[in-house]
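Chemist: Below are the sequence and a predicted model for it; my questions follow.
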Amino acid sequence: MRPSLTLIGSVIFFLFIGQSLWSIYSIWQSPKCNPSIHHKCFHSILNDNPKLDLAVYLSDGSVPRFLVLNIKEFDYRNAWDRSVNFTVPKSVRRNGSLYIDTLISATGRSSDQDLKVVVSGLLSQHAVPQSSTFNLLKEEEAGKASKPVPHLKSRYAVYMCTEELHLPHNEIPHEIDATRLLRLKPNGQFLPIAREDSLSQRIKDLTEITKSSTSMSFQYIYSPVSLGKIRFNLQMEGTLRAFVGLGFTEKDIDEVKSVFSDTNLYLLCATLAIGSIHSLLDFLSFKNDVSFWRSQSSMAGLSTRTVLWRAFSHTIVFLFLLDEGTSLLVLVPAGIATIIEMWKVSKAWKTKISISLKGITFNRDKTESAAEAETREYDEECMKFLSYLLTPLCLAAAIYSLLYLPHKSWYSWTINSLANGVYAFGFLFMFPQLFINYRLKSVAALPWRVFTYRAFNTFIDDIFAFIITMPTAHRVACLRDDVVFLVYLYQRWLYPVDASRQEGIGGEITADSKSEAIRDKDTKKDK
């Protein structure tokens, strides 16, 4: 039997993931000096456990700098943090920049006075202030600030490699060599490798510096790390710069940082592996979903209103995520899913779209079989009761939100109200399909291969819902979908499909087979 393209592609995909995981593991392994092989090696000066002082200076770019933190004989083997208060220079309050310098040096009476390392960076960042919310009925909208203004980084992190290192002179990691972090002394020792931790700097940690901000504070964080961690951070910084060149926004870059900052090797590899499997299952789900609906000519056993609802809800959720400024990592799959759901509506309504010079025309085939008519009756019956329940609930929630909760605009309130209705009560619109399955005592019409991929993905979503930044309502919806899939699985067990009659795309039941199954059910009932 010849392997399918899906199998071949999946094998290649997993080989690529395996190679990527091995590359990450290799980065974490430091080169070792072997005197019998390497005739010259460099050694870290920290191997001798010298006593070090740490001093932090701030400046607006002019001289002199002013001291804000000074620790004698600081503990560089363990992580620690300090809250630092300072007076904001007038030039910084007037749209200037604030610089920070960390000086690590040998303790005053130490014999090694050449041991000095300086880590320089920016403690401020120019950014556009976030849109403020207000009560639409009681307050007027404030003017939107469109120009970047200075913001203070409320968290500033520095790390230093404290691993015992003996590096062969011809095996210096290229990340370290390219950034010139290795500063050698004549005796073959090198100074401590210290850097600003840019991956830990997040947008949420920015605090706007106003003209009245005379005194502010920030958290200074120190962390001891391994050489592998520094190499990985340097690799990630280069990758993020490449992302910017590809058109990724600052917010998208910030979401990537949230995954990789403060992450150990094992959790990082697990995140990469799970995320890759999620992407593969997403692709297979989309592929099989399109294949199933492309060959679909009958809606017997399938809820048309559930298809309509899915298209509507996907559109609302996409607009909601867009309004909330959610990362492209979440937006792009949501947008693709929305397009597919809209296309499925045309298949469910048996509508053909024609594009010509005269414009776009829609031709709908309104004929239906007896099995489709029966399915439609059950669909309408369930939807009638749902409308009695959902309409007052959604209206009440929207009115409450308008009266008591702040919003950025009327559009934002509209989208938020619709999205909250989708998230809170949207799972109820899956009931028509469950009701049809119950009345027909059959699940043969459903695309179970697609459902299988989605079932695995929804459990993976539960994990990523707490890793990637997204609205809380979207997180709750991920957990809620688990319950719905369990009900579908229960119906699958309760109404087993006759495998001997499976045919068509992906092993699904074709329209003729579905109609025949429904007729057989009616014949058994008559007997």
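Modeler: All right, it came through fine.
Chemist: looking at this structure, which helix or strand does the model trust least?
Modeler: In the chain, no helix or strand scores lower on mean pLDDT, DSSP states H and E than helix 511-526, which sits at a mean of 46.
Chemist: quick one: M236 from I24, how far?
Modeler: The spacing between M236 and I24, counted by Cβ to Cβ, to the nearest Å, is 11 Å. Where you see a C-beta, it was placed from the backbone N, CA and C, and this is true even at glycine.
Chemist: Common neighbours of the two, please.
Modeler: Residues touching both M236 and I24 (Cβ atoms under 8 Å, 6 or more residues apart in numbering): there are none.
Chemist: Check which element follows the strand or helix carrying D53 along the chain.
Modeler: In the assignment (DSSP states H and E), D53 maps to strand 52-59. Heading C-terminal from strand 52-59, the first helix or strand you meet, by DSSP H and E, is strand 66-71.
Chemist: partners of that next one, with directions?
Modeler: strand 52-59 (antiparallel) (DSSP bridges).
Chemist: what mean pLDDT does the strand it pairs with have?
Modeler: Summarised as a single mean, pLDDT over strand 52-59 is 93.
Chemist: One more: stretch 411-421?
Modeler: 78.
Chemist: With just CA atoms, put that stretch into CSV.
Modeler: Coordinates of each C-alpha in stretch 411-421 appear next as CSV, following Å, rounded to 0.1, in the frame of the first residue of the first chain:
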residue,chain,number,x,y,z
TYR,A,411,-18.1,49.8,18.3
SER,A,412,-16.1,48.2,21.1
TRP,A,413,-19.3,47.8,23.2
THR,A,414,-21.2,46.2,20.3
ILE,A,415,-18.4,43.7,19.5
ASN,A,416,-17.8,42.9,23.2
SER,A,417,-21.6,42.4,23.8
LEU,A,418,-21.8,40.0,20.8
ALA,A,419,-18.6,38.2,21.8
ASN,A,420,-19.7,37.8,25.4
GLY,A,421,-23.0,36.3,24.1
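Chemist: What lies in contact with that stretch?
Modeler: 136, 316-317, 319-320, 323, 390, 393-394, 397-398, 401-402, 407, 473.
Chemist: in it, what's buried?
Modeler: By 16 or more other Cβ atoms under 10 Å, the buried positions in stretch 411-421 come out as 412-421.
Chemist: now swap in stretch 147-167 and tell me
Modeler: 150-163, 165-167.
Chemist: Among those residues, which are located in strands?
Modeler: Judged by DSSP state E, strands contain the following of these: 150-153, 155-161, 166-167.
Chemist: Could you find which two of these are furthest from each other?
Modeler: Farthest pair in those (Cβ to Cβ) is P150 and H166. Separation: 44.3 Å.
Chemist: Okay, and which of the buried residues of stretch 411-421 map to helices?
Modeler: Using DSSP state H, 412-421 are the members of those that sit in helices.
Chemist: can you pull out the helices in the stretch 51-200 of the chain?
Modeler: 90-93, 174-178 (DSSP state H, counting those that start in this stretch).
Chemist: what is the rounded mean pLDDT of the shortest one?
Modeler: Translated: helix 90-93. 90.
Chemist: Please list the outside residues in contact with that helix.
Modeler: 60-62, 98, 124, 150, 209-214.
Chemist: Any idea which of those residues the model trusts least?
Modeler: Among the contacts of helix 90-93, S62 has the lowest pLDDT, at 75.
Chemist: Kindly provide the distance from the residue lying closest to that residue once chain neighbours are set aside to P150.
Modeler: Using Cβ to Cβ, 6 or more residues apart in numbering and skipping residues adjacent in sequence, the residue nearest S62 is S91, 7.7 Å away. As judged by Cβ to Cβ, S91 and P150 stand 10 Å apart.
Chemist: can you check L434 too?
Modeler: For L434, the distance to P150 - Cβ to Cβ - is 55 Å.
Chemist: swap in T87?
Modeler: 15 Å.
Chemist: Ok, V443 next?
Modeler: 60 Å.
Chemist: ok, the strand of greatest length in the chain: who's next to it in the sheet?
Modeler: Counting residues, the longest strand found in the chain (DSSP E) is strand 215-225. Next to strand 215-225 in the sheet, as set by DSSP bridges, lie strand 80-87 (antiparallel), strand 155-161 (parallel).
Chemist: Of all the residues in it, which ones are buried?
Modeler: With burial defined by 16+ other Cβ under 10 Å, the residues of strand 215-225 counted as buried are 216, 218, 220-225.
Chemist: What average pLDDT does that strand get?
Modeler: Mean predicted lDDT for strand 215-225 stands at 94.
Chemist: From the chain's centroid, how far away is stretch 7-27?
Modeler: A distance of 21 Å separates the centroid of the chain from that of stretch 7-27, by Cα atoms, centre = their mean, to the nearest Å.
Chemist: swap in stretch 342-358?
Modeler: Worked out by Cα atoms, centre = their mean, stretch 342-358 lies 33 Å from the chain centre.
Chemist: residues in contact with that stretch?
Modeler: Outside stretch 342-358, the residues within contact range by Cβ under 8 Å, 6+ apart are 289-290, 293-294, 296, 299, 302, 304, 307-308, 310-311, 315, 360-366.
Chemist: Mean confidence (pLDDT) on that stretch, please.
Modeler: Stretch 342-358 comes out at a mean pLDDT of 77.
Chemist: just the CA coordinates of it, formatted as CSV?
Modeler: This file holds the C-alpha atoms of stretch 342-358, laid out as CSV (Å, rounded to 0.1, in the frame of the first residue of the first chain):
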residue,chain,number,x,y,z
MET,A,342,-18.4,31.2,5.7
TRP,A,343,-17.7,28.9,2.8
LYS,A,344,-19.5,26.0,4.6
VAL,A,345,-22.6,28.2,4.8
SER,A,346,-22.7,28.3,1.0
LYS,A,347,-22.5,24.5,0.9
ALA,A,348,-25.2,24.1,3.6
TRP,A,349,-27.6,26.4,1.8
LYS,A,350,-26.6,24.8,-1.6
THR,A,351,-25.7,28.2,-2.9
LYS,A,352,-23.5,28.8,-5.9
ILE,A,353,-21.7,32.1,-6.2
SER,A,354,-21.0,33.4,-9.7
ILE,A,355,-18.7,36.3,-10.5
SER,A,356,-19.1,38.1,-13.8
LEU,A,357,-18.9,41.5,-15.3
LYS,A,358,-22.5,42.2,-14.2
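Chemist: Could you list the buried residues of it?
Modeler: In stretch 342-358, counting by 16+ other Cβ under 10 Å, buried: 343-350.
Chemist: again with stretch 386-397
Modeler: Under the neighbour-count criterion of 16+ other Cβ under 10 Å, stretch 386-397 has 386, 390, 394, 397 buried.
Chemist: Return the subset of those residues lying in helices.
Modeler: When these are checked against helices (DSSP H), the matches are 386, 390, 394, 397.
Chemist: so can I have TSV of those residues showing pLDDT and distance to Q189?
Modeler: Shown next, in TSV, are those (pLDDT from 0 to 100; distance: Cβ to Cβ, whole Å):
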residue	pLDDT	distance to Q189
L386	78	74
L390	76	72
C394	78	70
A397	79	67
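Chemist: Please name the nearest non-neighbouring residue to F451.
Modeler: Y488 (6.3 Å).
Chemist: can you check M160 too?
Modeler: Nearest to M160 is A194, by Cβ to Cβ, 6+ apart, at 4.1 Å.
Chemist: quick one: contacts for S124?
Modeler: Contacts of S124 by Cβ under 8 Å, 6+ apart are 92, 96-98, 150-153, 209.
Chemist: Fine, thanks again, bye for now.
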